[in-house]
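Q: I'd like to go over a predicted model; first the sequence, then the structure.
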Amino acid sequence: YTPTKIHRYDYMSNNFRDMLKDLKVLWINEFSKAIHIIKTPKQVEDDVRVSNLMDGILDYDEACASGIFASLKREKPYKFVIKSIYAQFFQQMMAQIDALCLRVIVSQGYKNDDFSKKLFDTFIQGKQVGNDKIDFFGYAHYGIYDRAYLVWNFLKHNSLRSYEELKRKYPEMIYDPDSKYENGDLSLSV
């Protein structure tokens, strides 16, 4: 028995495995650490309270109240920044996956200048031979890719159509599925 593919990257799946491993390391070593550096509302509350107590001007109750107000003012910007970091990493990850998908199918003979998930799916389906063709949803983890792609599409476009498609197929990805989403609303808030 002699394998037709000899080198590690002759198997296209290894390109995806390595890229996803690198993205995981990037998340753990950089992005998650950056998130921990951002001051939480509780940290702001503690800092303001201690600062006010150190001044000696405010009594304990006033310093505590001042800290609570600072915490409340910090809550909304903090949540927005955290969501933005997650979204930025997610969008970068999906863009890299999309680029790799295109690179892989080009290496397999794809010649079209345009690229989309639908074109990718169609090209790959056309590469299957014989009577053993498998629908993409038959693959064990295709649903994860499909769900991530729909989330990415919604994050990019903020459109009602992308929202409705995500909500129809993966309602668990919508924070509040009963909310009224309108074209142009910020997807990050949903």
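A: Yep, that arrived.
Q: Tell me the pLDDT of T2.
A: We have a pLDDT of 69 for T2.
Q: Let me fix that, I meant to ask about G130.
A: pLDDT, G130: 67.
Q: Could you do the one 5 residues further on as well?
A: What the model reports as pLDDT for D135 is 70.
Q: and if you look at V50?
A: pLDDT, V50: 95.
Q: One more: the one 5 residues further on?
A: The predicted local distance difference test score for D55 is 88.
Q: So what does it look like in phi/psi?
A: Backbone torsions for D55, taken as degrees, to the nearest 10, come to phi -60, psi -30.
Q: Could you measure from it over to V48?
A: Distance, D55 to V48, by Cβ to Cβ, to the nearest Å: 11 Å. In this view, the C-beta of every residue, glycine as well, is placed from N, C-alpha and C.
Q: So these two - more neighbours on which side?
A: V48 (21 against 9; other Cβ atoms under 10 Å).
Q: Next secondary structure element downstream of the helix or strand where that one lies?
A: Here V48 is covered by helix 41-55, with elements defined by DSSP states H and E. Past helix 41-55, further along toward the C-terminus, the next helix or strand under DSSP H and E is helix 60-107.
Q: what helices or strands is that following helix leaning on?
A: helix 12-26, helix 32-37, helix 41-55, helix 117-127, helix 142-157 (3 or more Cβ pairs under 8 Å, 6 or more residues apart in numbering; DSSP states H and E).
Q: Determine the set of other helices and strands touching the second one.
A: Counting contacts by 3+ Cβ pairs under 8 Å, 6+ apart, helix 32-37 packs against helix 60-107.
Q: Could you check the angle the helix it packs on makes with helix 142-157?
A: 110 degrees (axes from the mean of the first three to the mean of the last three Cα atoms, to 10 degrees).
Q: Could you check how many residues crowd around R161?
A: For R161, using other Cβ under 10 Å, the count is 11.
Q: Can you name the residues in contact with the strand or helix carrying it?
A: Using DSSP H and E, R161 maps to helix 160-169. Helix 160-169 is contacted from outside by 146-147, 150-151, 153-154, 156, 173-174, 177, 181-183, 187, 190, using Cβ atoms under 8 Å, 6 or more residues apart in numbering.
Q: for stretch 30-40, same thing?
A: For stretch 30-40, the surrounding residues in contact (Cβ under 8 Å, 6+ apart) are 47, 74, 78, 81-82, 85, 89.
Q: Wait, Y181 touches V190, no?
A: Yes: Y181 is within contact range of V190, at 5.9 Å (criterion: Cβ atoms under 8 Å).
Q: Comparing the two, which shows the higher neighbour count?
A: Legend: neighbour count by other Cβ under 10 Å for Y181 and V190, higher for Y181 (22 against 18).
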